[in-house]
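Student: From the sequence below, what's the structure:
(one chain, ligands or ions: 1)
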Amino acid sequence: MLNFPSIFESVSDLDKGQIDALLLLAHKFKNRVSHTTDFTKAKPTICTLFLENSTRTKHSFQMASEHLGGYFFDFDVKSSSFSKGENLEETLLTLKCQGVDLCIIRSNENNHLERLKAAPPLRIINGGDGTNEHPTQALLDLFTMQEIEGDLNGKRVCIVGDSNHSRVANSLIKLLPLYGVEVSLAGPKEFADQCAKKHGLKHFEKSSEYLKECDIVYLLRAQLERHTTGDKAAHQNLLISYNKDYGLNSQALKEAGTNQSIYHPGPCNIGIELTHELMRTSSYKGYEQVKHSIFMRMAIIQSILQNGDKNVGKFTNLSTN
Ligand code: CP
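Tutor: All right, here's what the predicted structure looks like:
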């Protein structure tokens, strides 16, 4: 896709036309209409460089790369010179010289890709940076919701849980309104007050209210490892009271008289934000999100590799880039 950003950091890096094109391409991949990769070279080399653990994102990028006919490897951070102090830019330039075309990076540092944008060492996709953004998760969620719920215009999505510390929430809050979705938040103030204030969103502080006021529920994991206040005991108490007030099960949906789809980016804290029993019902769409992630990530990989950016990797001064 021409003009697709060579460093894809945020959903705000794309305009609506580009997002529409990704959705269409992901849909084509889902229907197996297009088997052609039409890459800029026959077999592009794609790697993940994850400084935080992952199951879904890392393996979905691997599956997507391989479905597209690319060569994929996972950069082993622990055994690399990165762990001896080589910085990210030099690491990426080295990978570029070794033939890597695209790197998907996850880090606990917010906005760390910003400094690479002036001269991209290679094409980069943000696989989640700190509490900032997780753009490919939000795009795959949008795609999954469209596939399951149909046209989203006028729908109300309530993001429930620890939105204050969620990079997924930050991306979804920017993305979903482009498709006519009204986004609200639910959760105790420790989880949702700052995010509601930052984005000017309706915040349901009483769990009994939000179910009646939304069409789609999007649950988040309580991410206490990202909280900068409170000790272990305080965190444990927060989890217990969160589960008591907001923990979701089929009975709660029944009592509210509602039957929303329940989305969750994973991993779930089973028994905290929702029950194992609810995850085994047709209301739970978490596995659909995982399945659809492959098609959206295929669309993103193909689009970034075809962006025609001649500026990528210039620093290496290689005879060909
Ligand atoms: N949703 C998500 O990012 O999951 P992983 O941490 O397993 O990649």
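Student: Please list the residues of the stretch 51-200 of the chain that sit near the ligand.
Tutor: 54-57, 128, 137 (C-beta under 6 Å from any ligand atom). Any C-beta I mention is one placed from the backbone N, CA and C, and that applies to glycine too.
Student: The stretch 201-321 of the chain too?
Tutor: 265-267.
Student: pLDDT-wise, which helix or strand of this structure ranks last?
Tutor: helix 207-210 (a mean of 84; mean pLDDT, DSSP states H and E).
Student: And that helix, how far out from the chain middle?
Tutor: 26 Å (C-alpha atoms, centre = their mean, to the nearest Å).
Student: Equivalent analysis for stretch 89-97, please.
Tutor: Using C-alpha atoms, centre = their mean, the offset of stretch 89-97 from its chain centre is 25 Å.
Student: same check, this time on stretch 218-226
Tutor: 14 Å.
Student: Okay, buried residues for that stretch please.
Tutor: Neighbour-count burial for stretch 218-226, counted by 16 or more other C-beta atoms under 10 Å, picks out 218-224.
Student: what about it, start to end distance?
Tutor: Stretch 218-226 has its terminal residues 20 Å apart, counting by C-alpha to C-alpha, to the nearest Å.
Student: if we can go back for a sec, Serialize the residues of the stretch 51-200 of the chain next to the ligand to CSV and add fields for neighbour count and pLDDT.
Tutor: As requested, those are exported to CSV (neighbours: other C-beta atoms under 10 Å; pLDDT from 0 to 100):
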residue, neighbour count, pLDDT
Ser54, 16, 97
Thr55, 10, 97
Arg56, 16, 98
Thr57, 25, 98
Gly128, 25, 98
Gln137, 26, 98
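Student: Turn those residues into CSV, columns for secondary structure.
Tutor: As requested, these are arranged in CSV below (DSSP: H, G, I helix; E, B strand; the rest coil):
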residue, secondary structure
Ser54, coil
Thr55, coil
Arg56, helix
Thr57, helix
Gly128, strand
Gln137, helix
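Student: possible to save the residues you listed as CSV with distance to Gly286?
Tutor: As requested, those are arranged in CSV below (distance: C-beta to C-beta, whole Å):
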residue, distance to Gly286
Ser54, 15
Thr55, 12
Arg56, 10
Thr57, 14
Gly128, 17
Gln137, 12
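Student: Which of those sits closest to Asn110?
Tutor: Gly128 (10.5 Å; C-beta to C-beta).
Student: The closest one touches Thr57, doesn't it?
Tutor: Yes - assessed by C-beta atoms under 8 Å, Gly128 is found in contact with Thr57 at 6.6 Å.
Student: shared neighbours of those two, anything?
Tutor: Residues touching both Gly128 and Thr57 (C-beta atoms under 8 Å, 6 or more residues apart in numbering): 106, 134, 137.
Student: Spatially central residue for the chain, please.
Tutor: The chain has Gln137 as the residue nearest its centroid, 2.1 Å off, counting by C-alpha atoms, centre = their mean.
Student: Okay, now the unreliable bits of the stretch 201-321 of the chain?
Tutor: Within the stretch 201-321 of the chain, the stretches with pLDDT under 70 are 316-321.
Student: any idea how far the residue in it that the ligand sits nearest to is from Leu93?
Tutor: Nearest residue of the stretch 201-321 of the chain to the ligand (C-beta to the nearest ligand atom) works out as Pro265 at 3.9 Å. The gap separating Pro265 from Leu93 is 32 Å, by C-beta to C-beta, to the nearest Å.
Student: more neighbours, these two?
Tutor: Neighbour count, other C-beta atoms under 10 Å: between Pro265 and Leu93, Pro265 has more, with 26 against 18.
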